[in-house]
Structures are given as C-alpha cells and as structure tokens.
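Trainee: mind folding the following:
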Amino acid sequence: MLKNSKILAVVLLLASFALLYRHVIVKLVHDWATDDNYSHGFLIVPIALYLVWERRRRLRAARVRPAGLGLLVAVLSVAVLATGVLGAELFLTRVSMLGVLAGALLYLFGWQYLAVLAFPLAFLLLMIPIPAIIFNQIAFPLQILASRFGELILTLFQIPVLREGNVITLSTTSLEVAEACSGVRSLISLLTLAIVYGYFLDSRISIRLLLALASIPVAIVANGVRVAGTGMAAHYMGPAAAEGFFHVFSGWLVFVVAFILLFVVHRVLVWVSPSRRTGPPREVAS
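Mentor: Next up is the predicted model:
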C-alpha cells in the first residue's frame with residue numbers, strides 16, 4: 001500500500017509540474033532546437049532519468065520522512081514563476097522548476113530521498129541556457145583567446161598574419177572570429193560531456209571535479225586549433241575554404257579532438273592518482 005501511495009504521489013507531482021510549467025518547458029525545448037549552443041539539452045533529461053533509475057535500490061531503501069521545509073521551498077519557487085521577475089530572460093523561472101521538484105521531494109518523502117536524487121536534480125541545470133548578459137561576458141573573451149591562439153599557431157607555421165582584436169588578416173583574406181566561433185558552444189557541450197564522462201568512468205569526486213574544470217582549457221585550445229586550421233585552409237586553398245563544408249566539418253572535428261584530449265587528461269589523472277575502482281558507485285543488493 002505504501003509503495004502504491006508513493007507511485008501515486010509521484011504521478012500527481014509530475015502531472016501538476018507539467019501543467020504548471022508547460023509554457024516554460026515549451027520555450028525551453030524551442031531554445032534547444034534553435035540555439036546550437038544548447039542543442040545538447042535534448043540529452044540532459046534522458047540522462048537524468050537514467051541516473052534516477054540507477055538509484056532505484058537506494059530509493060526503495062530510503063525512509064519516508066516528509067519535511068515541512070520542502071513545502072516552503074516549493075512555494076517560493078512557484079512564486080518566482082508567478083512574479084515573472086526576469087521578463088524575457090526566463091533564467092530564474094527555469095531554475096525554479098528544479099526548486100519545485102526538490103521542494104516537492106523533500107515535502108513528500110524527506111531528506112533521504114532528496115539526498116539520493118541530489119545529483120540528477122543538479123545535472124538538470126545543464127539544460128538551462130545561461131542568461132544572455134553572462135553569455136556575452138563569456139563569449140567575447142573567448143573570441144579574443146581563440147584569435148590569439150590561432151595567430152600564434154599560424155605564426156609558428158610561418159604564415160603571414162596580422163590580428164586586430166578578433167579579426168585575423170591573412171595575405172588572401174580576413175577571418176573574423178565571430179560569437180558563434182568563440183568556443184562557447186564547444187565549452188558548454190564539452191563541460192556536459194566531461195561531467196557525464198567523469199561520473200561513469202571514475203568514482204572519485206576529486207577526479208570528476210578536475211575533469212569538469214579541465215574541459216574549460218581543453219575547449220579553448222581545441223577552438224584555437226580550429227581557428228588556426230581555418231586560417232591555414234584559407235591561406236593555402238583560398239578564401240572559399242574558410243566557409244561552407246570545411247567550416248562546419250572543422251567544428252565537429254575539433255569537438256572530437258577535444259574529447260580525445262579530455263580522455264588523455266583523465267588517463268594522466270589516473271596515472272598520477274591511481275585507484276582500484278574506476279567506475280561510479282554501483283548499487284549492490286543486500
């Protein structure tokens with residue numbers, strides 16, 4: 001009977017949540033479909049659901065001790081949605097979805113349930129686009145870094161180059177490292193990949209954190225290599241080589257290279273700090 005009541009409570013919670021946040025969810029999915037910086041958002045929810053399913057034994061073993069504080073958390077989160085303080089930005093409104101879920105879990109099931117599901121809930125933050133004001137503050141410095149790195153590599157290959165800000169001038173053409181080429185897209189996607197990679201391949205929290213942090217310089221270096229490769233293609237094959245298929249293909253290729261670099265970083269960390277256990281903690285039936 002208790003098990004059935006749990007299932008009913010979860011179903012009612014999810015139904016109420018979907019009804020309450022239907023417009024927010026639709027807009028969020030639209031952003032995933034139209035903004036390449038967050039196209040990985042489609043993968044976040046399925047992965048989070050798998051993380052919940054992986055914890056099924058721990059959930060069955062957890063004691064149900066409803067906490068009244070959860071109701072307060074849920075009400076405050078709904079208040080953020082109701083007030084619409086962000087206007088078109090929607091960032092806090094979207095984050096409030098996680099507040100409602102966390103508060104409802106705490107109110108209905110208690111702290112043990114919330115502790116078990118803390119990581120899947122936190123993982124859902126990766127599906128929410130960061131505010132535009134923060135995005136712009138990140139994008140421009142990354143544009144400059146990618147331009148400088150590309151200039152350095154081109155100079156090492158003795159290719160005449162002149163850089164002014166985020167514009168690289170070659171003998172045959174000029175390349176502008178635009179916002180779309182700043183590396184924000186690869187940085188966000190690689191950060192997500194690093195978190196998933198670290199979770200499934202290493203049980204140590206320190207290694208997981210280091211892998212997540214390593215994704216930042218890896219993404220910057222990989223994007224700088226892409227800019228340099230585009231410059232080389234334009235220098236040796238003409239300006240048309242910097243556009244079209246090569247430009248799109250280089251983006252995918254550099255992301256693959258970035259993942260390989262992330263793998264190398266992990267192997268170095270394992271070599272420096274070996275562990276008998278290289279996978280995430282698995283639940284063993286008693």
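Trainee: and residue 174, backbone torsions?
Mentor: Backbone torsions for residue 174, taken as degrees, to the nearest 10, come to phi -120, psi 140.
Trainee: isn't it up against residue 166?
Mentor: No: the pair residue 174 / residue 166 is not scored as a contact, 10.9 Å apart, by Cβ atoms under 8 Å. C-beta here means a position set from N, CA and C on the backbone, and glycine is covered the same way.
Trainee: okay, these two: which has more neighbours?
Mentor: Neighbour totals were compared for residue 174 and residue 166, and residue 166 leads with 22 against 13 (other Cβ atoms under 10 Å).
Trainee: is the more buried one in contact with residue 149, as I believe?
Mentor: No: here residue 166 does not reach residue 149: they are 11.7 Å apart, not a contact under Cβ under 8 Å.
Trainee: residue nearest the middle of this protein, spatially speaking?
Mentor: Most central in the chain under Cα atoms, centre = their mean is residue 192, positioned 3.5 Å from the mean C-alpha point.
Trainee: tell me the contacts of that residue?
Mentor: Residue 192 makes contact with 40, 43-44, 126 under the criterion Cβ atoms under 8 Å, 6 or more residues apart in numbering.
Trainee: how does it look with 6 Å?
Mentor: 40, 126 (Cβ atoms under 6 Å, 6 or more residues apart in numbering).
Trainee: do me a favour and average the pLDDT over the one helix or strand it maps to.
Mentor: Residue 192 belongs to helix 184-201 when assigned by DSSP states H and E. Average pLDDT, helix 184-201: 83.
Trainee: which parts of the stretch 151-286 of the chain are helices?
Mentor: 184-201, 205-237, 244-272 (DSSP state H, counting those that start in this stretch).
Trainee: just put these in JSON lines and tack on distance to residue 140.
Mentor: Listed next are the helices of the stretch 151-286 of the chain as JSON lines, based on distance: least, Cβ to Cβ, whole Å:
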{"stretch": "helix 184-201", "distance to residue 140": "10"}
{"stretch": "helix 205-237", "distance to residue 140": "14"}
{"stretch": "helix 244-272", "distance to residue 140": "19"}
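Trainee: nearest to residue 10, of these?
Mentor: helix 184-201 (23.8 Å; Cβ to Cβ).
Trainee: tilt between the closest one and helix 244-272?
Mentor: With axes from the mean of the first three to the mean of the last three Cα atoms, to 10 degrees applied, the angle from helix 184-201 to helix 244-272 works out at 40 degrees.
Trainee: buried sites along helix 184-201?
Mentor: When burial is assessed from 16 or more other Cβ atoms under 10 Å, helix 184-201 yields the following buried residues: 184-199, 201.
Trainee: helices and strands around the helix or strand residue 140 falls within, which ones?
Mentor: Using DSSP H and E, residue 140 maps to helix 132-156. In terms of contacts (3 or more Cβ pairs under 6 Å, 6 or more residues apart in numbering; DSSP states H and E), helix 132-156 is packed against helix 205-237.
Trainee: just give me how far the helix it packs on sits from the chain centre.
Mentor: 16 Å (Cα atoms, centre = their mean, to the nearest Å).
Trainee: now stretch 55-72
Mentor: 27 Å.
Trainee: re the thing from before, CA atoms only for the helix holding residue 192, dumped as CSV, please.
Mentor: Output of helix 184-201 as CSV, limited to C-alpha atoms (Å, rounded to 0.1, in the frame of the first residue of the first chain):
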residue,chain,number,x,y,z
VAL,A,184,31.1,28.9,-26.1
ARG,A,185,29.2,26.1,-27.9
SER,A,186,32.0,23.6,-27.5
LEU,A,187,32.7,24.7,-24.0
ILE,A,188,29.2,24.1,-22.8
SER,A,189,28.9,20.8,-24.6
LEU,A,190,32.3,19.7,-23.5
LEU,A,191,31.5,20.6,-19.9
THR,A,192,28.4,18.5,-20.1
LEU,A,193,30.3,15.6,-21.6
ALA,A,194,33.1,15.9,-19.0
ILE,A,195,30.6,15.6,-16.2
VAL,A,196,29.0,12.5,-17.7
TYR,A,197,32.3,11.0,-18.6
GLY,A,198,33.7,11.6,-15.1
TYR,A,199,30.6,10.1,-13.5
PHE,A,200,30.6,6.9,-15.4
LEU,A,201,34.4,6.3,-15.5
